[in-house]
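1. make a model of this:
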Amino acid sequence: MPQSLEDAKSKLSAKYLGKCGVHGVGIVRDQQAVRFDVDERVTEVERELLGKLLDEARQEAHPFKVIANIEPRANTYQ
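-> Presented below is the predicted three-dimensional model:
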């Protein structure tokens, strides 16, 4: 069990960043939650795996929440 919201974010970021379209991990303090920023262009397979990933992350983050923010990822190579 994480000791703080920052601890939960750090652990989840190390484990899940770069998987299933997760390109950012942040904190939403007013919701006591870790936020996963997810690229909306994930494949169907990745989307299915993302659901399992989020379930696992929620168990690891308890008592804090885990929320997914699905968004277009900025193209930084233009």
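2. surely Q59 is in a strand?
-> No: using DSSP: H, G, I helix; E, B strand; the rest coil, the assignment for Q59 is helix, not a strand.
3. could you count how many residues lie near it?
-> When neighbours are counted by other Cβ atoms under 10 Å, Q59 registers 9. From N, CA and C alone the C-beta is placed, and that goes for glycine too.
4. kindly report the same for F64.
-> Other residues close to F64 by other Cβ under 10 Å number 21.
5. got the confidence number for it?
-> Listed pLDDT for F64 reads 97.
6. likewise for the one 4 residues further on?
-> Model confidence at A68, given as pLDDT, is 95.
7. what does E60 give?
-> E60 carries a pLDDT score of 96 in this model.
8. mind checking the SS state of the most centrally placed residue in the chain?
-> The central residue of the chain, meaning the one whose C-alpha is nearest the mean C-alpha position (Cα atoms, centre = their mean), is F36 at 2.5 Å. Three-state call for F36 (three-state DSSP): strand.
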